[in-house]
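Chemist: Let's see this in three dimensions:
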Amino acid sequence: MISGFFNRAGGIACLVVCAACAQVVLVSVTPVIAALASHLDQGSAREIVELEKKRDWPGMLSLARALLQREPGRADWWFLQGYALARQGQHAAAIESYQHAVRINPEDEGSWLALGQSQSALGQMERAIQTYRQVLRYRPESAQAYLALADLYIRQGRPDLAIPNYRESVRYDPDSAQSWYGLAAAYQSTGQRERRDEALQGLRKLDPAAADQFEKQYRSN
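Modeler: You can find the predicted model right below:
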């Protein structure tokens with residue numbers, strides 16, 4: 001199942017492994033699609049990747065529905081349908097698809113994270129928080145779930161609750177510049193300047209430009 005999730009910077013170069021033909025192809029797709037394609041047959045993987053690269057969300061939705069007609073009990077296809085719907089801004093419908101996916105495979109991190117993202121997009125903050133906590137029931141080391149929780153708490157104006165989640169996120173993924181930035185900003189907003197500077201050092205090691213931008217925005221305060 002899908003163990004990766006969206007990189008918020010958009011499409012990046014990923015290795016997609018075709019299990020059926022033992023070929024490795026370098027393509028430019030989002031990590032979630034790379035993760036999905038990595039365990040599919042060659043034909044399905046290629047078709048999904050091409051649709052992603054072209055940003056053909058209606059085409060991806062049509063493909064997902066065709067696949068669901070053949071295999072209605074497969075969580076991958078429910079996830080794919082939800083992903084295509086979400087990419088078109090149809091988050092309410094996407095939520096229904098993601099819920100099907102997690103009912104079939106309740107331990108699939110990617111589907112839970114996608115569900116929480118669509119709930120958040122609709123302003124369903126408390127539901128999204130519960131969804132991300134559900135991820136942590138199955139995958140307590142999920143840096144992405146901790147990051148998503150922290151970001152939601154920031155949106156709610158609760159940096160005190162965001163901080164421990166950012167800390168867990170960098171604990172499990174110390175190479176996440178986004179998590180270090182969020183942690184530094186949360187410390188800044190709570191007046192913890194010494195800890196802010198420590199987090200900023202972590203950010204600078206990964207993304208000096210982002211650290212410079214942070215300092216321009218915050219360090220004079």
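
Chemist: Run through the strands of this protein in chain order.
Modeler: Ranges of strands in the chain, per DSSP state E, are 12-18, 23-29.

Chemist: Mean pLDDT lowest where, among the ones you listed?
Modeler: Lowest mean pLDDT within the strands of the chain: strand 12-18, at a mean of 29.

Chemist: hang on, residue 187 packs against residue 196?
Modeler: Yes: with contact defined as CB atoms under 8 Å, residue 187 and residue 196 form a contacting pair (3.8 Å). Using the backbone N, CA and C atoms, a C-beta is placed for each residue, glycine as well.

Chemist: Okay, now the unreliable bits of this structure?
Modeler: 1-29, 219-221 (pLDDT under 70).

Chemist: now with 90?
Modeler: When the per-residue scores of the chain are filtered using pLDDT under 90, the ranges that remain are 1-44, 216-221.

Chemist: would you list every one of the helices in it?
Modeler: Per DSSP state H, the chain has helices spanning 31-37, 42-54, 57-70, 75-87, 91-104, 109-121, 125-138, 143-155, 159-172, 177-189, 193-206, 208-218. These are given in chain order.

Chemist: by how many degrees do the fourth one and helix 91-104 diverge?
Modeler: Going by axes from the mean of the first three to the mean of the last three CA atoms, to 10 degrees, helix 75-87 is angled at 160 degrees with respect to helix 91-104.

Chemist: Then the third one?
Modeler: Note on geometry: by the same axes, to 10 degrees, helix 57-70 and helix 91-104 are set 30 degrees apart in direction.

Chemist: in helix 57-70, what counts as buried?
Modeler: By 16 or more other CB atoms under 10 Å, the buried positions in helix 57-70 come out as 57, 59, 60, 61, 63, 64, 67, 68.

Chemist: One more: stretch 201-215?
Modeler: Residues of stretch 201-215 classed as buried by neighbour count (16+ other CB under 10 Å): 202, 203, 204, 206, 207, 210, 211, 214.

Chemist: Test my guess that the second one contacts residue 180.
Modeler: By that I understand residue 203. Yes: contact criterion CB under 8 Å: residue 203 and residue 180 qualify, at 3.9 Å.

Chemist: how much distance is there from stretch 149-164 to the middle of the chain?
Modeler: A distance of 17 Å separates the centroid of the chain from that of stretch 149-164, by CA atoms, centre = their mean, to the nearest Å.
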